[in-house]
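Chemist: Pasting a predicted model and its sequence here:
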Amino acid sequence: KDKKGLLGDHMMGLTKKGEYAIRGMIYLAGQPEGKISLLSEIADATEAPATFLAKTFQAFVKNGLVRSFRGSGGGFTLGRPAANITLREVVETVEGPILPNRCLLDDGACGRRGGCGVHGVWRKVQKQMVDTLDEVSLADLAQAPQEFCCPQ
């Protein structure tokens, strides 16, 4: 069976958008400081669709993770040093808050919150995920990307 058949429609994990975004940010982190990279260059190097990256990078610009430059010689560069950008910031900019279950939303989505034994487990999972993503910077990933990659 294919992965979708094995995992169903509701796998807890990154979307393709998130994967492409991380690849693009790692690429920028690996460039010399101040180098402006063309969107097409980033797309080619990361095997990500340029149209996807264009939309994603605008979210990064809005959050200050990336700076954009228009006109000839325009493109993208990191908005601050790679060592000061965590993987959590990248993921949450694209995917939204780290929520392993919707019961962690504070919008009343779950009426069983007070008496549910598994709620505490979801909180623990959330905390561990957030803590782990906060421990890894783009500089870490750009310096040793093979340490953070999964087999294809």
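Modeler: Sure, I can see it.

Chemist: only C-alpha atoms for contact and neighbour calcs from this point on.
Modeler: Will do.

Chemist: Show me the longest helix that occurs in the protein.
Modeler: When the chain is parsed with DSSP state H, its longest helix is helix 119-135.

Chemist: So which elements touch it?
Modeler: helix 87-95 (3 or more Cα pairs under 8 Å, 6 or more residues apart in numbering; DSSP states H and E).

Chemist: how far does the helix it packs on sit from the chain's center?
Modeler: In terms of Cα atoms, centre = their mean, to the nearest Å, the centre of helix 87-95 is found 4 Å from the chain centre.

Chemist: ok, residues contacting it?
Modeler: 14-15, 17-18, 21-22, 25, 56, 59-60, 63, 98, 130, 133-138 (Cα atoms under 8 Å, 6 or more residues apart in numbering).

Chemist: Quick one: buried ones out of those residues?
Modeler: 17-18, 21-22, 25, 56, 59-60, 98, 130, 133, 136-138 (16 or more other Cα atoms under 10 Å).

Chemist: Output the residues you listed as CSV; include the columns pLDDT and distance to residue 83.
Modeler: Below are the buried ones among the contacts of helix 87-95 laid out as CSV (pLDDT from 0 to 100; distance: Cα to Cα, whole Å):
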residue, pLDDT, distance to residue 83
17, 89, 23
18, 90, 20
21, 94, 17
22, 94, 15
25, 96, 12
56, 93, 21
59, 95, 20
60, 97, 16
98, 82, 21
130, 90, 17
133, 94, 13
136, 94, 9
137, 96, 5
138, 96, 6
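
Chemist: Thank you, goodbye.
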